[in-house]
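Engineer: Provide a 3D model corresponding to the input given below.
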Amino acid sequence: MIKQLSGTLCILLCSATFAVSQDKAPNWVKVTDHAGWQPRDSQGELVYKDRLWIFGGWFDSFKAPPRDVWSSPDGKTWKLVAKEAPWKHSDLPMTLVFKDRMWLMGGWYNGRLPGHSASSEVWSSTDGVHWDQAAKRAGWSPRIAAGAVVFQDKMWILGGTEDYYFGDRKSLKNDVWHSADGKEWMQATANAGWSPRAYHQAVVHGGKMWVMGGGNYVPEYHALNDVWCSDDGVRWTQVIDKAAWPPRLWFSSVVYRDRMWVLGGWSNKPSKNWGDVWHSRNGKDWQQLRSAGAWKARHEHSAFVFQDKVWIAGGHAQPLSSEVWSLHVPRGWFKD
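Structural biologist: Model (predicted):
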């Protein structure tokens, strides 16, 4: 009888353990410690022709930003495609894939050095080597760190700031622009309803554009964790004023497994990097994905969805990083 009870108890315990293990969060996998490119943050990034791509970025506030272009078929082996692209505003640019081309727009040049500037240039390429300038001055004012998405067969620019280190409240924008060719830009609205901001994220999910978080760095720091959405770029609805994830700048966001994701970032007072990962289907209800294995907290890293996984690369992890990590969440793992 005792043996029978012991066996039954073992089966129950083993089954419970198995059920718990099935519910464990998937772990991040480190693909490489050193990708080949110099550690950096604030680079442009996208997925194009079955490869990961990064463009330029930031090494130091007292150096011109790099103008290199790199690509990888697997996140581990990276190829230098171009040592010096024709664009130079590669710190916090906006990057997209649109009409089978890679696009780089806006961005900052020269850090805190003399001759610094923001850009409203628009460039595109099919190979990363040869770049065509679609617009020397787009309709929107020169800016950095805006939201950028492809929606309703157009490219969209949302908010951003006209000045990185030397601006004021007037530098921050909450205007929305769109273009079908990169040359001609039309303003959807001069005031989207969400507060003027930069260093936020924008994604397309559920037939809508979404804007999340961000704020301002200097001279007056503030960070947000609100979430807004729109189906036309003109009328915006606040989904939540304070999401479950803490307010932050310089984070990354992707759409994966029919969810919006918030990854890492930075906030001030006190200065803090974030290494947390959050997801939501509706923008209001957020859950944190707690993995046993994960990357070091960082900000201004690249994030991609590639080969049915979420990827992050580089960023400022104190110090700058050239690591690459990936996360695979099995289909059907989420219960809701």
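Engineer: now the strands for the stretch 1-150 of the chain?
Structural biologist: Here the stretch 1-150 of the chain has its strands, by DSSP state E, counting those that start in this stretch, at 29-32, 44-48, 51-55, 69-72, 79-82, 94-98, 101-105, 108-109, 117-118, 122-125, 131-135, 147-151.
Engineer: go through these and name the closest to S61.
Structural biologist: Set against S61 and scored by C-beta to C-beta, these come closest in strand 108-109, at 10.3 Å. Quick note: C-beta positions are derived from backbone N, CA and C, even for glycine.
Engineer: please convert the strands of the stretch 1-150 of the chain to JSON lines, extending it with mean neighbour count and distance to M209.
Structural biologist: Below are the strands of the stretch 1-150 of the chain laid out as JSON lines (neighbours: other C-beta atoms under 10 Å; distance: least, C-beta to C-beta, whole Å):
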{"stretch": "strand 29-32", "mean neighbour count": "16", "distance to M209": "30"}
{"stretch": "strand 44-48", "mean neighbour count": "20", "distance to M209": "18"}
{"stretch": "strand 51-55", "mean neighbour count": "24", "distance to M209": "23"}
{"stretch": "strand 69-72", "mean neighbour count": "24", "distance to M209": "28"}
{"stretch": "strand 79-82", "mean neighbour count": "15", "distance to M209": "30"}
{"stretch": "strand 94-98", "mean neighbour count": "21", "distance to M209": "13"}
{"stretch": "strand 101-105", "mean neighbour count": "24", "distance to M209": "17"}
{"stretch": "strand 108-109", "mean neighbour count": "24", "distance to M209": "24"}
{"stretch": "strand 117-118", "mean neighbour count": "19", "distance to M209": "23"}
{"stretch": "strand 122-125", "mean neighbour count": "23", "distance to M209": "19"}
{"stretch": "strand 131-135", "mean neighbour count": "16", "distance to M209": "22"}
{"stretch": "strand 147-151", "mean neighbour count": "20", "distance to M209": "5"}
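Engineer: to R169, which of the ones you listed lies closest?
Structural biologist: Closest among these, using C-beta to C-beta: strand 117-118, at 16.1 Å.
Engineer: which residues touch that closest one?
Structural biologist: 89, 106-110, 142-144, 161-164 (C-beta atoms under 8 Å, 6 or more residues apart in numbering).
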